[in-house]
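Q: Provide a 3D model corresponding to the input given below.
(chains A and B)
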Amino acid sequence: MATIIQIADAVVAQLNSATFSQPITATRHYAPSYKLPDMKTLHVTVVPRGISSTSLDRNRDMFSYEIDVAVQKKTDGDQATLDALMTLVEEIADHFRVGTLASFPNARCMDVKNSPVFSPEHLDEFRQFTSVLTLTFSLVR
Amino acid sequence: MTDLLDKGSAWLERQRKKHATREVTYRRGMDAVVVKATIGRTLFEQDDGAGVTVRMQVRDYLIDTADLVLAGEQTLPAKGDRIEEIDAGLKHTYEVLPLGGEQHWRYSDPYRRTLRIHTKLIETEEA
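A: Next up is the predicted model:
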């Protein structure tokens, strides 16, 4: 199996075994597509995003694997719900910021990006919270 | 001088309401009113922003401006209002939301008699 898929699966496993301020069930997708009525329940989606590499020597490269973690939920636009979802996003970011993946310990999370912190378009047009974290894992192979 | 276009528009509006409407429930929180609505364009759209596709049914409702009375007061559509439509034993709930670059509603005629309200399907359940 491709390394980036193994890392994405490890991210899913780690998310599903961790405890956050609200329960989540993460799933891995290639091209996630949801219907708006289904978004009343919290969706946490893991998607492989990109790979880059830098040569270290003749036999080894330093690979960077980018994995997106999308947190999405249809809301009524009330601030308390949005605040709770922002807290969840921060908790997920903090969870990966420290340490390696339990089921793929060779990969270390080196960078966490969350920009923009939420999609203003989704909030305006669907009253749906959408926030995408991009986790970058480094691995020498 | 009589505004013939105004009179013609008023006649057309009466015909629309008489022959091309169905009853829907317009709801804002605990307040609701049953109004006659014409179902306008119904589209299926998708948004690919943020790397996750969201698919939705978009529907416009045409409602008499004068009919939108909630809690005893004439009002205009607000984002987040709901329109409930019962069809074939199912209750479809649409939420009033902006559409693309447009606001969530606009007047449908130059005389402000009819509202065109943009909505998106958010729930379908047994009626």
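Q: pLDDT-wise, which helix or strand of chain A ranks last?
A: strand A:100-101 (a mean of 87; mean pLDDT, DSSP states H and E).
Q: and it, what does it pack onto?
A: Counting contacts by 3 or more CB pairs under 8 Å, 6 or more residues apart in numbering or on different chains; DSSP states H and E, strand A:100-101 is packed against helix A:3-17, strand A:104-113. C-beta here means a position set from N, CA and C on the backbone, and glycine is covered the same way.
Q: point out the most buried one among these.
A: Mean neighbours per residue, mean count of other CB atoms under 10 Å in any protein chain shown, is largest over the helices and strands packed on strand A:100-101 for helix A:3-17, with a mean of 19.
Q: can you tell me the element the residue located most distally from the centre of chain A falls in?
A: Largest separation from the mean C-alpha position in chain A: A:Arg58, at 32.6 Å (CA atoms, centre = their mean). If you go by DSSP states H and E, A:Arg58 is not part of any helix or strand.
Q: how far away is B:Glu84 from B:Arg116?
A: B:Glu84 sits at a distance of 18 Å from B:Arg116 (criterion: CB to CB, to the nearest Å).
Q: cool, and A:Leu139?
A: 54 Å.
Q: ok, now A:Ala107?
A: Here the criterion is CB to CB. By it, A:Ala107 lies 52 Å from B:Arg116.
Q: list the contacts for the closest residue in space to A:Arg97 that isn't next to it in sequence?
A: Counting by CB to CB, 6 or more residues apart in numbering or on different chains, the nearest residue to A:Arg97 once its immediate chain neighbours are dropped is A:Val112, at 5.5 Å. Residues near A:Val112 by CB atoms under 8 Å, 6 or more residues apart in numbering or on different chains: A:93, A:96-97, A:133-136.
Q: need the residue closest to the centroid of chain B.
A: With distances taken as CA atoms, centre = their mean, B:Tyr61 lies nearest the centre of chain B, 2.8 Å away.
Q: state the pLDDT value of that residue.
A: pLDDT recorded at B:Tyr61 is 96.
Q: list the helices and strands the helix or strand encompassing it packs on?
A: According to DSSP H and E, B:Tyr61 maps onto strand B:53-64. Using 3+ CB pairs under 8 Å, 6+ apart as the contact test, the elements touching strand B:53-64 are strand A:33-35, helix A:120-126, helix B:4-19, strand B:31-47, strand B:114-126.
Q: what packs against the third one?
A: So the one you mean is helix B:4-19. strand B:31-47, strand B:53-64.
Q: if you average pLDDT over each of those strands, which is lowest?
A: Averaging pLDDT over each of the helices and strands packed on helix B:4-19 puts strand B:31-47 lowest, since it has a mean of 88.
Q: is chain A contacted by it?
A: Yes - Strand B:31-47 reaches chain A (CB under 8 Å from any CB of the partner chain) through B:46-47.
Q: centroid-nearest residue for chain A?
A: Compute the mean C-alpha point of chain A, and by CA atoms, centre = their mean the closest residue is A:Val69, 1.7 Å away.
Q: which intervals of chain B have sub-threshold pLDDT?
A: Scanning chain B for pLDDT under 70 picks out B:1, B:48-50.
Q: sorry, back to before: switch the helices and strands packed on strand A:100-101 over to a markdown table; also include distance to B:Glu125.
A: Output for the helices and strands packed on strand A:100-101, formatted as a markdown table (distance: least, CB to CB, whole Å):
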| stretch | distance to B:Glu125 |
| --- | --- |
| helix A:3-17 | 29 |
| strand A:104-113 | 39 |
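Q: export those to CSV and tack on distance to B:Val54 and mean pLDDT?
A: Formatted as CSV, those follow (distance: least, CB to CB, whole Å; pLDDT from 0 to 100):
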stretch, distance to B:Val54, mean pLDDT
helix A:3-17, 21, 97
strand A:104-113, 22, 93
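Q: what's near enough to touch the nearest residue to A:Leu36 once chain neighbours are set aside?
A: The shortest distance from A:Leu36 to any non-neighbouring residue, by CB to CB, 6+ apart, is to B:Met56 (4.0 Å). Neighbouring residues of B:Met56 by CB under 8 Å, 6+ apart: A:35-36, A:126, B:44-47, B:120-121.
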